[in-house]
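Enquirer: here you go, sequence then predicted model.
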Amino acid sequence: MEFDILEFAEGAKRASGLAVIIDVFRAFSVACYAAEGGASGIIATASVEEAFNLKRKYKNSVLVGERNERKIDGFDYGNSPTEILKADIKGKIVIHTTTAGTTGLVNAVNADQILAGSFVNASSTAEYIKRINPQVVSFVAMGYRANESAAEDLLCAEYIISLLLDDKKQFSERISGLRYSSGERFFNPVNIEFSPPTDFFLCTMPNRFSFVLKAFRRHDGNMELERIDI
């Protein structure tokens, strides 16, 4: 099994084989909490305009997402796992758009299979990859705002690879240490309304969920995320 580590939308376009699009803070952590919260479906789109179009099409749906980390005007929820835990989304379609993560899914046009990756379902992601046993696994770290390397996404890729190799390396200190680097913004009082400290902890709980989120391209070019229990 060959591993490639790529970044940003350009990396997503170059991803081949089985692609794991990683956005720890916060898109694919949010998607996992939405799936666990009983969402009947998750549609990921790269465009705010398209999100509103989908909302008009699917009446029993909610809009979840961000631009510049903040909830988009007219959306039901921001891109915050803290919000999603409190939200009434059971039986509803979540329409999700973010600056980085959902853009990565849409751009992974050359991959054979696509997974949405984060710490919260990392071991399930590794187990799914082991079962499929692809020749190539492309890890795409979407980064901060899709244009700046993010320590959490690169560390998540490293962590999943270690699980695939049955490496006994310990990651707990490095994951918790993100609080003082890329996760520091969650502890800035200026950001508390849209990026509360609880988001950091909810996004850095390794292996909280025993499922993967597999992305399928829809006829309209958007991506449907399917929960597959492991």
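Expert: Cool, got the structure.

Enquirer: how much space separates residue 115 from residue 18?
Expert: As for residue 115, its distance to residue 18 is 7 Å (criterion: CB to CB, to the nearest Å). In this view, the C-beta of every residue, glycine as well, is placed from N, C-alpha and C.

Enquirer: between those two, which has more neighbouring residues?
Expert: Just comparing residue 115 and residue 18: by other CB atoms under 10 Å the higher neighbour count belongs to residue 115, 28 against 23.

Enquirer: for the more buried one, helix, strand, or coil?
Expert: Three-state call for residue 115 (DSSP: H, G, I helix; E, B strand; the rest coil): strand.

Enquirer: pretty sure residue 94 contacts residue 44?
Expert: No. Between residue 94 and residue 44 there is no contact under CB atoms under 8 Å: 9.0 Å.

Enquirer: more neighbours, these two?
Expert: Set residue 94 next to residue 44 and count neighbours by other CB under 10 Å: residue 44 wins out with 30 against 27.

Enquirer: the closest residue to residue 164 other than its chain neighbours is in what secondary structure piece?
Expert: Leaving out its chain neighbours, the residue that sits closest to residue 164 by CB to CB, 6 or more residues apart in numbering is residue 126, at 5.2 Å. Using DSSP states H and E, residue 126 sits within helix 122-132.

Enquirer: what about dumping the CA coordinates of that helix to CSV?
Expert: Only the C-alpha atoms of helix 122-132 are listed here, as CSV (Å, rounded to 0.1, in the frame of the first residue of the first chain):
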residue,chain,number,x,y,z
ALA,A,122,-9.6,7.9,12.5
SER,A,123,-9.4,4.2,13.6
SER,A,124,-12.6,3.4,11.7
THR,A,125,-11.1,5.1,8.6
ALA,A,126,-7.9,3.0,9.0
GLU,A,127,-10.0,-0.2,9.4
TYR,A,128,-12.0,0.6,6.3
ILE,A,129,-8.8,1.2,4.3
LYS,A,130,-7.4,-2.1,5.6
ARG,A,131,-10.5,-4.0,4.4
ILE,A,132,-10.4,-2.4,1.0
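
Enquirer: show me what that helix is in contact with.
Expert: Residues from elsewhere that reach helix 122-132 (CB atoms under 8 Å, 6 or more residues apart in numbering): 1, 18, 20, 113, 115, 117, 137, 156, 159-160, 163-164, 206-207, 209-212, 228, 230.

Enquirer: drop anything exposed from those.
Expert: Restricting these to buried positions leaves 18, 20, 113, 115, 117, 137, 156, 159-160, 163-164, 206, 209, 211-212, with burial counted as 16 or more other CB atoms under 10 Å.

Enquirer: now do the SS call for residue 225.
Expert: Put simply, residue 225 is strand when judged by three-state DSSP.

Enquirer: many thanks, have a good one.
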